[in-house]
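Q: fold the following and give me the result.
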Amino acid sequence: MRLTPTERDRLLLRSAAELARARRARGLKLNVPEATALIADTVCEAARDGKRLAEAIEEARGVLGPGDVLPGVADVVTEVHVEAVFDDGSRLAVVSSPIQGAVPLGDDAPGAVLPGPGAPQPEPVLHLRVRNTAAVPVSVTSHFHFFEANPRLDFDRAAAYGMRLCVPAGSSVRFDPHGEGEVGLVPIGGDRIAIGFAGLVDGPLDAPGAKDEALRRAAACGYLGVFAAHEDGGRA
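A: Sure, this is the predicted structure:
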């Protein structure tokens, strides 16, 4: 059986979540990977059952309490992001405060990430207008390949190829239902290989023909903005 990278990731998540469920059933408290996997899998299963995004997020928030996890886990797992397939398409679910009843310890909590003094922030190399045509909010995380973001987001896809949001790592940008806004983008760094996401690339971003093939796949899957005109002022 041949599986796409996205399908393999889903099976790995499911396996990790089942391990977490089995350990919790034995009376063990969950660690960070186990808790994260269980919360994320709950979203994916709720989506598979036909529930809407808001319902799936609410169900995921109720799956774990402070007594289900090891000390300090609730202070680390403060937000879980997972891409799930709903009846109206693939959407990014952001589960904030996923462990209900946990009392945050603040910036001095063990494992807290604090910005260094004078840390340089990259400047966007591209600004795009983005319109959410969906009736539900859509969030995109910092290092998601923006070209492959939710199909119901309408923006110049070709211009966004190989780019990510110019926001701090781990953060996200939310687009309200039928809302519109401007985002800044920067090129994806490193080896520039996009694996997973929405499955439109699954390989080196700069390989010959990769962009054209990704645009073809996006058009075939009904992504908005594939044929956006560049004279609309979308480029910075």
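Q: make it CA atoms for all contacts and neighbour counts henceforth
A: OK.
Q: so for the longest helix along the chain, what gets flagged as buried?
A: Among the segments of the chain that qualify as a helix by DSSP state H, the longest is helix 5-25. Using 16 or more other C-alpha atoms under 10 Å as the test for burial, helix 5-25 gives 6, 10, 13, 14, 16, 17, 18, 20, 21, 24.
Q: skipping adjacent residues, who's closest to the fifth one in space?
A: In space, not counting the residues next to it along the chain, residue 16 is nearest to residue 37; the distance is 5.9 Å by C-alpha to C-alpha, 6 or more residues apart in numbering.
Q: identify the residues contacting that neighbour.
A: Contacts for residue 37 (C-alpha atoms under 8 Å, 6 or more residues apart in numbering) come out as 13, 14, 16, 17, 20.
Q: quick one: low-confidence parts of this structure?
A: Residues of the chain that meet the criterion pLDDT under 70 lie in 101-121, 228-236.
Q: so which residues of it form strands?
A: Assigned by DSSP state E, the strands in the chain fall at 79-86, 89-96, 126-132, 138-141, 153-154, 163-165, 172-175, 180-187, 193-194, 203-204.
Q: what lines up beside the fourth one in the sheet?
A: The one in question is strand 138-141. strand 172-175 (antiparallel) (DSSP bridges).
Q: for the strand it pairs with, list the C-alpha coordinates in CSV.
A: Provided in CSV are the C-alpha atoms of strand 172-175 (Å, rounded to 0.1, in the frame of the first residue of the first chain):
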residue,chain,number,x,y,z
SER,A,172,0.3,31.8,14.1
VAL,A,173,-1.9,34.3,12.2
ARG,A,174,-5.6,33.9,12.4
PHE,A,175,-8.0,34.9,9.6
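Q: buried sites along that strand?
A: For strand 172-175, using 16+ other C-alpha under 10 Å, the buried residues are 172, 175.
Q: what sits up against it?
A: Here strand 172-175 has contacts from 131, 132, 137, 138, 139, 140, 141, 142, 181, using C-alpha under 8 Å, 6+ apart.
Q: which of those residues lies closest to residue 169?
A: Set against residue 169, the nearest of those by C-alpha to C-alpha is residue 142 (5.5 Å).
Q: what about the closest one, neighbour count?
A: Neighbour count of residue 142, defined by other C-alpha atoms under 10 Å: 18.
Q: any idea how far it lies from residue 183?
A: Going from residue 142 to residue 183 by C-alpha to C-alpha, to the nearest Å gives 11 Å.
Q: what is in contact with these two at once?
A: 165, 166.
Q: can you tell me which of the strands of the chain is most buried?
A: strand 163-165 (a mean of 25; mean count of other C-alpha atoms under 10 Å).
Q: pairing partners for that one, with directions?
A: strand 180-187 (antiparallel).
Q: out of the strands of the chain, which gets nearest to residue 62?
A: Among those, strand 89-96 sits nearest to residue 62 (C-alpha to C-alpha), with 10.7 Å.
Q: and the angle from that closest one to strand 79-86?
A: Relative orientation of strand 89-96 with respect to strand 79-86: 160 degrees, computed using axes from the mean of the first three to the mean of the last three C-alpha atoms, to 10 degrees.
Q: who are the packing partners of strand 89-96?
A: helix 53-61, strand 79-86, strand 138-141 (3 or more C-alpha pairs under 8 Å, 6 or more residues apart in numbering; DSSP states H and E).
Q: before we move on, the earlier item: now render the buried residues of helix 5-25 as JSON lines, adding distance to residue 219.
A: What follows is the buried residues of helix 5-25, written out as JSON lines (distance: C-alpha to C-alpha, whole Å):
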{"residue": "6", "distance to residue 219": "19"}
{"residue": "10", "distance to residue 219": "24"}
{"residue": "13", "distance to residue 219": "29"}
{"residue": "14", "distance to residue 219": "30"}
{"residue": "16", "distance to residue 219": "34"}
{"residue": "17", "distance to residue 219": "34"}
{"residue": "18", "distance to residue 219": "36"}
{"residue": "20", "distance to residue 219": "39"}
{"residue": "21", "distance to residue 219": "39"}
{"residue": "24", "distance to residue 219": "44"}
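Q: understood, closing this out.
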